[in-house]
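Student: What follows is a predicted protein model with its sequence.
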Amino acid sequence: MKGSKKATIQLILLFLLVVSIIGAGYHYFDWEKPTISQDKPFDTIGKEKDVTITLRDGRSGIRSYTVAIEQNKQEFVLASEQIPSKGTHEKVVAVKIIPKDLKIKDGEAVFKIEVTDFSPLRNSSLLQAKVTIDSIPPRIALLTRAHNINPGGTCLTVYRVTKAVQVSGVKCGNTFFPGYLVQGKAKPYYVCFFAIPMEVKTSTPMAVTVEDKAGNHAIVGIPFYIRSVRPFRRDTITVSDSFVQQKAVEFQEQESKLAGKSAEEVFTYVNTQLRMYDDKRIQEVCAKTSGKQLWQGTFLRLKKGAPRALFGDQRTYQYQGKSMGTSVHLGIDLASTTHAPIEAANSGIVLYADNMGIYGNCVIIDHGQGISSQYGHMSSIAVKAGQQVTKGQIIGNTGVTGFAGGDHLHFSILAGGVFVDPKEWWDPHWIRDNVQDKFEIANTL
């Protein structure tokens, strides 16, 4: 019995010894491999590319690394280092790849990263990926030559690109407007509707810009002619006590943070901060546009609707002799009969059908390729988001919701999420000369 107990103890001691030896060996030899990560994985390299690589080894530390490109069995070293001592557990390597300087040709290649640690086993990791070297930039051909523009209006440019691109559109002033690929009758081409700034000048930058997958980009200026420079109206609106008090109550109900504020404070907030917030929301809504043209022909306006405020009107609000903020009117107000039926200005898909702050009950319709229409201050809404509507379909009725002082429709047109003058879209001659004729030219080239 005693011998059996002794043998058991010996086995336990032997087991503990083996475990200790294995543990010590594991600690000494360090079986864990270092890790490699990239900030942004890629599969194409253009004229130049910046790459940031992070190497990590939490135990013995990093001994050496090499970053290279291999093409046709030839290796082009981009970065390499032998670290003299232990202790470097993380290494961030920034590499600028310029194929031309390395005499790497366009075509297929392999991007390689190899790292070794300080373990006696010299653990190493290798990350490699197939890449395409493409240093040839795309070329842009403008298919439209006449770009006759109005301040605050819309312009259409049509162009063709020699290769597939990931970014395509027009930079007008400081705003970028996406272009949309169209399968033309002869060849594919891009169309881009973009908004002309109200303060446009002959020196305003206006150009088509594209960028391919490899990061190669091209830019071509758009020649344009400013048809007329008309001053936008300036107006001072004196608001009544009843209007200020009424709107304060309505917006305090909608915005809990306005509770306890005076009517003047509420009015000023709504007319300035909330107005800017709502316009930003509208821009975000309009970004969800179809790449196809959903509309046809002249846009409809409210039947028997008399204009009460025009696009671009610069308003100063006064209450009891004090300024209550300024604003630029970004649509046209049309007044008809009370609760007049509102028709969809053109065919499209409803993007939004709900309350929109200063615009009250609001509907936004996408007409494709960045063009959308907005209907504000409605008393009732007869459509819902995601619904397809046809030109002339009743979508609701006029009203006094939001920041409205009387029953009317606030109507806006947006190009790329930017408000533009709706009058052009009501004009069949403008649509024919500035849109339809350009499409016809593009389909013949």
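Tutor: That came in fine, so what should we check first?
Student: From residue 293, how far off is residue 59?
Tutor: 61 Å (C-beta to C-beta, to the nearest Å). Yep, even glycine has a C-beta here, placed from its N, CA and C like the rest.
Student: And for residue 445?
Tutor: 18 Å.
Student: Neighbour count: residue 59 and residue 293, which is higher?
Tutor: residue 293 (18 against 15; other C-beta atoms under 10 Å).
Student: Might one say that that one is in contact with residue 366?
Tutor: No: at 11.0 Å, residue 293 and residue 366 do not qualify as touching, with contact defined as C-beta atoms under 8 Å.
Student: What is the subsequent helix or strand relative to the helix or strand hosting residue 282?
Tutor: Residue 282 is located in helix 275-286, with elements delineated by DSSP states H and E. Downstream of helix 275-286, the next assigned helix or strand under DSSP H and E is strand 306-309.
Student: what element comes up after that next one heading to the C-terminus?
Tutor: Downstream of strand 306-309 (by DSSP H and E), the next one is strand 314-319.
Student: Return the set of buried residues in that next one.
Tutor: 315, 317, 319 (16 or more other C-beta atoms under 10 Å).
Student: what's the answer for stretch 73-89, then?
Tutor: 78, 83, 88.
Student: Likewise for stretch 429-441?
Tutor: 430-431, 434-435, 438-439.
Student: Do you have the strands of the stretch 101-250 of the chain handy? List them.
Tutor: Remark: strands assigned in the stretch 101-250 of the chain by DSSP state E, counting those that start in this stretch are 107-117, 124-133, 140-142, 148-149, 154-161, 167-172, 175-178, 180-183, 188-195, 206-211, 217-221, 225-226, 234-238.
Student: The residue nearest to residue 339 when sequence neighbours are not counted - how many residues pack around it?
Tutor: Excluding the flanking residues, the one nearest residue 339 by C-beta to C-beta, 6 or more residues apart in numbering is residue 397, at 4.4 Å. Neighbour count for residue 397, taken as other C-beta under 10 Å: 19.
Student: In this structure residue 352 contacts residue 287, no?
Tutor: No: using C-beta under 8 Å, residue 352 makes no contact with residue 287, being 11.8 Å away.
Student: how close does residue 37 sit to residue 369?
Tutor: For residue 37, the distance to residue 369 - C-beta to C-beta - is 39 Å.
Student: These two - which one has more neighbours?
Tutor: Comparing residue 37 with residue 369 by other C-beta under 10 Å, the one with more neighbours is residue 369, at 24 against 12.
Student: what kind of secondary structure is that one in?
Tutor: coil (DSSP: H, G, I helix; E, B strand; the rest coil).
Student: Pull the contacting residues for it.
Tutor: Taking C-beta atoms under 8 Å, 6 or more residues apart in numbering, we find residue 369 in contact with 180, 191, 193, 289-293.
Student: okay if I get the residues you listed as JSON lines plus distance to residue 101?
Tutor: Below are those laid out as JSON lines (distance: C-beta to C-beta, whole Å):
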{"residue": "180", "distance to residue 101": "37"}
{"residue": "191", "distance to residue 101": "38"}
{"residue": "193", "distance to residue 101": "41"}
{"residue": "289", "distance to residue 101": "42"}
{"residue": "290", "distance to residue 101": "44"}
{"residue": "291", "distance to residue 101": "39"}
{"residue": "292", "distance to residue 101": "44"}
{"residue": "293", "distance to residue 101": "45"}
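Student: Return the member of the residues you listed nearest to residue 170.
Tutor: residue 193 (8.8 Å; C-beta to C-beta).
Student: Residues in a beta bridge with the closest one, which ones?
Tutor: On the basis of DSSP bridges, residue 193 takes part in beta bridges with residue 156.
Student: ok, it touching residue 370?
Tutor: Yes: the criterion here is C-beta under 8 Å, and residue 193 meets it with residue 370 at 5.2 Å.
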